[in-house]
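1. I would like to see how this sequence folds:
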Amino acid sequence: MYYVDQVVVADRWHNRLIYGADQKYDLLDASKLVHLLRGQFIHPVHHTHDPEREEFKNLVLTYHDVTKQLTRFKNKLKA
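-> Residues are numbered from 1 along each chain as shown. This next block holds a predicted model:
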């Protein structure tokens, strides 16, 4: 059984060593993550619990949903 001291959510765009790799292999990716962690190259992502931010995110998600539905409707109409 393994125990951890900390869980870090990292931004994949800043960790191109793994994200931009041509081949995906769990053992290789884990090895790369270890090297990034030891070299302190992991850029953690911080999410606040701000109510205004939550409301903004919900509005953006609603906008995307409505846009997808409208596009789907227009494509059906044209077909």
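
2. could I get the full set of helices for this structure?
-> 16-19, 26-38, 51-78 (DSSP state H).

3. Y3: which of the ones you listed is closest?
-> helix 26-38 (16.2 Å; CB to CB). In short, each C-beta sits where N, CA and C put it, glycine included.

4. could you list every helix and strand in contact with that closest one?
-> helix 16-19 (3 or more CB pairs under 8 Å, 6 or more residues apart in numbering; DSSP states H and E).

5. between the helices of the chain, which gets the lowest average pLDDT?
-> Ranked by mean pLDDT, the helices of the chain bottom out at helix 16-19, which scores a mean of 67.

6. the helices of the chain: which one's closest to D5?
-> Per CB to CB, nearest to D5 of these: helix 26-38, 11.9 Å.

7. show me which positions of the closest one end up buried.
-> L36 (16 or more other CB atoms under 10 Å).

8. dump it to PDB, restricted to CA.
-> Written as PDB, here are the backbone C-alpha positions of helix 26-38 (Å, rounded to 0.1, in the frame of the first residue of the first chain):
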ATOM      1  CA  ASP A  26       2.400   4.500 -18.700                       C
ATOM      2  CA  LEU A  27       5.700   3.300 -17.400                       C
ATOM      3  CA  LEU A  28       7.600   5.900 -19.500                       C
ATOM      4  CA  ASP A  29       5.200   8.700 -18.500                       C
ATOM      5  CA  ALA A  30       5.600   7.800 -14.800                       C
ATOM      6  CA  SER A  31       9.400   8.000 -15.200                       C
ATOM      7  CA  LYS A  32       9.100  11.400 -16.900                       C
ATOM      8  CA  LEU A  33       6.800  12.600 -14.100                       C
ATOM      9  CA  VAL A  34       9.400  11.500 -11.500                       C
ATOM     10  CA  HIS A  35      12.100  13.500 -13.300                       C
ATOM     11  CA  LEU A  36       9.900  16.600 -13.500                       C
ATOM     12  CA  LEU A  37       8.900  16.300  -9.800                       C
ATOM     13  CA  ARG A  38      12.500  15.800  -8.600                       C
END
